[in-house]
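**Q** sequence and predicted structure are below.
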There are 2 protein chains.
Amino acid sequence: MIAALVNGALVNHTSKSVDLKERGLSYGDGLFETMLLSQGAVQLVDLHMARLQLGCERLGITCSEQLIRDDIAKLCFDRDSGVIKVIVTRGAGGRGYRSTGLTATRIALLYAQPSEAARDLKVRWCQTRLARNAQLAGLKHLNRLEQVLAQNEWHDTSIGEGLMLDTEGELICATSSNLFAVIDDILVTPDLRYSGVRGVMRAHVITVAQRLGIVVEERALRPDEFAHATEVFLTNAVRGIRPVVQLDEQCWPVGPVTNQLLATRRL
Amino acid sequence: MIAALVNGALVNHTSKSVDLKERGLSYGDGLFETMLLSQGAVQLVDLHMARLQLGCERLGITCSEQLIRDDIAKLCFDRDSGVIKVIVTRGAGGRGYRSTGLTATRIALLYAQPSEAARDLKVRWCQTRLARNAQLAGLKHLNRLEQVLAQNEWHDTSIGEGLMLDTEGELICATSSNLFAVIDDILVTPDLRYSGVRGVMRAHVITVAQRLGIVVEERALRPDEFAHATEVFLTNAVRGIRPVVQLDEQCWPVGPVTNQLLATRRL
């Protein structure tokens, strides 16, 4: 970590700066965003802010978008690149699930840009399933035990990501990426009505693809449909688009749709 | 809050004593226990420790039970009553869901005994549903957004608890209590195979009831079965057994099974 702000104030990033009664810690009662700072600009910042505000509304947390944008500007001042993580929680409060009249906590962290990694991914299946809850689906909230357990399932560093099903067997995402597959010339991505995170890069890719005339469908996706997929790729805000080239015995080329999207500037 | 320990060291309980990179905060990557200290003794402490250790095993967190017991002893030294909250997390670590080689964080907090509240409860239905995930069911982990949202659904202080269904419509629990109902002379409690927390008071009540010759069934429970329930009560570690006397238009007396269990010493 390079720098940290708590409620707008710079703190030593190795310091203990979080309240013992912080509800983010007690209950995962909050949200986060992970953003790429590149060439001095926070990529897709409006999409990140929109998702965060939607999450705040859904959880009933009040936090000024302007203050968060101010935090980010302060954190990134004079910086060219890195990864920004923003956490917004309901605040520090008493024992018990109920909360009233708390002031949201804002934490903004700046990390160095991640080291270069292979663009093309070998992936695996995760055993950990995603629970279904329409009320929380799509949000990047702090209840992320399923992703933690899934990502701790493998230690083979040649495997770049793990694919996750929900408890009904629908294919939802990878542990920290959204999923796209080209099936019958249509770009398909899971609709995330019951679980998963609505990634900002996912939203951006859908918009760009539609602009390029590619037919996009958000729908339920079953794992056996991979048999008919001609291209597969993953997206996230920090790594952008990463083609999936192998899943167990199945291999895919980096196909024309993926290449067309990869070629789009500043994707 | 009266006193706090972090990793065995006393800290000022109003201080900011938690690391910014704490995974309990980032992902809810940990567990907790809430215990009643009464007459100088931590009630049902062995059941609390057993659940916590089971949770650590399921999440792959290594934390010495003896150290946690030492924390509790240190925290309660010379104290007669109160509520103890222990949080164990995977530790403070880098950005990203994956974790390797972290040292668990132990937080132990002592609160004053809660103020006396009416024993008999009026309850309501919550709209917030519990997601199903057998891998996490039963554990008292830190991913508790569903309970937070459920408990924030009402502000009428005459309502003491809210009942929760899972996403398939099964009756699971109240927001911070387990549920029992007497139906056809059998004491029924939801089996919690897909969601909910396996409360230590729930386990204790099952044991005591069986010792008293009461037939207990852990099974799936549908809300329409309340029509045939002759007694309903809730349990939790701090409040013990609380009879439910009203749910919407339906009222129950405090019946013989509930009274028999309430009369059991030190329940």
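**A** Good, I have the coordinates.
**Q** chain B contacts on the stretch 151-267 of chain A?
**A** Residues of the stretch 151-267 of chain A lying near chain B by CB under 8 Å from any CB of the partner chain: A:Gln151, A:Asn152, A:His155, A:Thr167, A:Thr175, A:Ser176, A:Ser195. No exception for glycine: its C-beta is placed from N, CA and C like everyone else's.
**Q** now restrict these to buried residues only.
**A** A:Gln151, A:Asn152, A:Thr167, A:Thr175, A:Ser176, A:Ser195 (16 or more other CB atoms under 10 Å in any protein chain shown).
**Q** the fifth one and A:Arg242 touch, don't they?
**A** Translated: A:Ser176. No - using CB atoms under 8 Å, A:Ser176 is not in contact with A:Arg242; the gap is 11.2 Å.
**Q** which neighbours do these two have in common?
**A** Residues touching both A:Ser176 and A:Arg242 by CB atoms under 8 Å, 6 or more residues apart in numbering or on different chains: A:Glu161.
**Q** helix or strand for A:Val182, which one?
**A** For A:Val182, the host element (DSSP states H and E) is strand A:178-183.
**Q** that strand: how far from the chain's middle?
**A** Offset of strand A:178-183 from its chain centre (CA atoms, centre = their mean, to the nearest Å): 16 Å.
**Q** what about A:Asp248, how many neighbours?
**A** 10 (other CB atoms under 10 Å in any protein chain shown).
**Q** how about A:Glu170?
**A** 23.
**Q** list the residues that contact the residue lying closest to it once chain neighbours are set aside.
**A** Closest residue to A:Glu170 apart from its sequence neighbours, by CB to CB, 6 or more residues apart in numbering or on different chains: A:Ala220 at 5.4 Å. Contacts for A:Ala220 were tallied using CB under 8 Å, 6+ apart; they are A:Glu170, A:Pro190, A:Asp191.
**Q** isn't A:Arg95 right next to B:Ala112, touching?
**A** No - contact between A:Arg95 and B:Ala112 fails when scored by CB under 8 Å: they sit 9.9 Å apart.
**Q** compare those two (neighbour count), which wins?
**A** A:Arg95 (16 against 12).
**Q** and that one, how close does it get to chain B?
**A** A:Arg95 is 5 Å from chain B, where distance means CB to the nearest CB, to the nearest Å.
**Q** just A:Asp185 next, same as before
**A** 34 Å.
**Q** then A:Arg79?
**A** 16 Å.
**Q** now do A:Val6
**A** On the measure of CB to the nearest CB, A:Val6 and chain B end up 8 Å apart.
**Q** so that residue sits against A:Ile107, correct?
**A** Yes - A:Val6 lies in contact with A:Ile107 (CB under 8 Å); the separation is 5.6 Å.
**Q** mutual contacts of these two, please.
**A** A:Val18, B:Leu20.
**Q** who has more neighbours out of these two?
**A** Taking other CB under 10 Å, A:Val6 and A:Ile107 do not tie; A:Ile107 has more neighbours (24 against 20).
**Q** list the contacts for the residue nearest to the more buried one when sequence neighbours are not counted?
**A** Leaving out its chain neighbours, the residue that sits closest to A:Ile107 by CB to CB, 6+ apart is A:Ile87, at 4.2 Å. With contacts defined as CB under 8 Å, 6+ apart, the neighbours of A:Ile87 are A:Gly24, A:Gly30, A:Leu31, A:Phe32, A:Thr105, A:Arg106, A:Ile107, A:Ala108, A:Leu109, A:Leu142, B:Leu25, B:Ser26.
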